[in-house]
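Peer 1: Pasting a predicted model and its sequence here:
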Amino acid sequence: MKNNLKLIILSVSLFLACEKEVELKIDENDSKLVLNAWLKTDRHPLIEINRSTFIFDKRGTDHIDNAEVILFENDQEIGYLEYFQSGYYQNKKIKIMPDTEYKIIARVDGFEEITAIEKSARKITDEDYEFEFNSIERNNQFGGEKRSEVNLTINDNASTEDFYLFRLKATSTEWNTDQPEEDTTYNEQYEYVEVTDLQTEELYLDGTGSIQVLKDELFNGQEYTVRFNSHDLRKDIYVNGSYNAIFQYKVEMHKISKSLYLYLKSVENNRYPDPFTEPTQIFSNVENGYGILATSTVVEIPIEELGDVDINE
């Protein structure tokens, strides 16, 4: 027994004594441009340009305010994007079109020019989906509760590989009848929605939180119904004297580019890494740099069923 114990102690000592110095060469000055853009149809282009930094650089990611950003449509230059804040560039005179190839070139002094190319999906039509909304009364220990169910049936195209993304948007419009034009305000924010079908994936998107993504791998060319379960989503109208407000929810259905799907999946795989596996490489389609150029064709489906109407004279 003593000999065995000595052998174990000796083995541990040898293991702890085995050290090897490894010289790790990291070029802290090898910074590249980073482009992040999600081009949505019928909206003006908005992209972010910054630079990559060394992991221990205390400055963090630097925003770029002097980039030359050029947008191309089907390989034809259509305009420059102008800087307006926090590394973001836009051009409100341009509207993103469906079924169109877009290319972005960004140049900054001292950096290698970056390029990204992506094509938007064709326009979503009324024939592509069916929308059904139901209000359900549920009883719990506190009494009755209104819940909402949304069924969105997709008529998938068999000739294309399609990826879908769904978001729930809460909107509010408020105004004063004495000065409706000067006093109207509009706000929107995205909310979490619970999905009850089996094929929809829940992923995370910065600035939005949880989103729902679906690929047509198992139902290509067929119908598939995405089912949402949520709190009361009916439209509310509130009137108090000259003050008016409308609170309404809208379901966003996107056909997204494959690049956006792969990017979201790679980000999700790195949110909660397994300690026994290596991190996943974040997907990028930017040449000579980092980031993502994504596109989507989108349709907004407002929920028109009326809920509460609160009128106080």
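Peer 2: Looks like it came in fine.

Peer 1: Domains in the chain, by residue range?
Peer 2: Listed by automatic domain parsing, the domain ranges of the chain are 33-119, 128-279+298-312.

Peer 1: Deepest-packed of the ones you listed, please.
Peer 2: Highest mean neighbour count among these (mean count of other Cβ atoms under 10 Å): domain 33-119, with a mean of 16. The C-beta positions use only the backbone N, C-alpha and C, and glycine is treated the same way.

Peer 1: That one - what's its average pLDDT?
Peer 2: The average of the pLDDT scores along domain 33-119 is 91.

Peer 1: end-to-end on that domain?
Peer 2: The first and final residues of domain 33-119 sit 22 Å from each other (Cα to Cα, to the nearest Å).

Peer 1: any low-confidence regions in the stretch 151-300 of the chain?
Peer 2: Judged by pLDDT under 70, the stretch 151-300 of the chain has its weakly predicted residues at 180-182, 272-279.

Peer 1: In it, mark out all the strands, start to finish.
Peer 2: In the stretch 151-300 of the chain, the strands defined using DSSP state E, counting those that start in this stretch lie at 163-176, 185-191, 194-195, 201-205, 209-215, 223-231, 235-240, 243-256, 286-287, 290-302.

Peer 1: quick one: strands adjacent to the second one?
Peer 2: Paired neighbours of strand 185-191 in the sheet (DSSP bridges): strand 163-176 (antiparallel).

Peer 1: Strand 223-231 and the partner strand, what's the angle between them?
Peer 2: Going by axes from the mean of the first three to the mean of the last three Cα atoms, to 10 degrees, strand 163-176 is angled at 40 degrees with respect to strand 223-231.

Peer 1: re the thing from before, so which of the strands of the stretch 151-300 of the chain gets nearest Glu113?
Peer 2: Proximity to Glu113, assessed across the strands of the stretch 151-300 of the chain by Cβ to Cβ, is greatest for strand 286-287 (8.9 Å).

Peer 1: who's in contact with the closest one?
Peer 2: With contacts defined as Cβ atoms under 8 Å, 6 or more residues apart in numbering, strand 286-287 is touched by 34-35, 114-116, 292-293.

Peer 1: residues in contact with the spatially most central residue of the chain?
Peer 2: Residue closest to the average C-alpha location in the chain (Cα atoms, centre = their mean): Leu205, at 4.5 Å. The contact partners of Leu205, by Cβ under 8 Å, 6+ apart, come to 211, 264.

Peer 1: The strands of the stretch 151-300 of the chain into CSV, with extra columns for distance to Lys103?
Peer 2: Putting these into CSV (distance: least, Cβ to Cβ, whole Å) gives the following:
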stretch, distance to Lys103
strand 163-176, 21
strand 185-191, 29
strand 194-195, 34
strand 201-205, 24
strand 209-215, 25
strand 223-231, 32
strand 235-240, 41
strand 243-256, 18
strand 286-287, 10
strand 290-302, 8
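
Peer 1: Model confidence for Leu10, exactly?
Peer 2: 44.

Peer 1: And Asp128, by the same measure?
Peer 2: Value for Asp128, per-residue pLDDT: 95.

Peer 1: And the one 5 residues further on, by the same measure?
Peer 2: pLDDT, the model's per-residue confidence, is 95 for Phe133.

Peer 1: wait, it sits on Val150?
Peer 2: Yes - under the criterion of Cβ atoms under 8 Å, Phe133 makes contact with Val150 at 5.7 Å.

Peer 1: Now do the shared contacts for the two.
Peer 2: 233, 303.

Peer 1: Next one: Tyr190 from Val69, what distance?
Peer 2: Distance of Tyr190 to Val69, computed by Cβ to Cβ, to the nearest Å: 26 Å.

Peer 1: quick revisit: next, work out how far apart the residue nearest to the centre of the chain and Ile78 are.
Peer 2: Relative to Ile78, Leu205 is positioned 27 Å away (Cβ to Cβ).

Peer 1: Likewise for Tyr129?
Peer 2: Taken as Cβ to Cβ, the span from Tyr129 to Ile78 is 30 Å.

Peer 1: Many thanks, have a good one.
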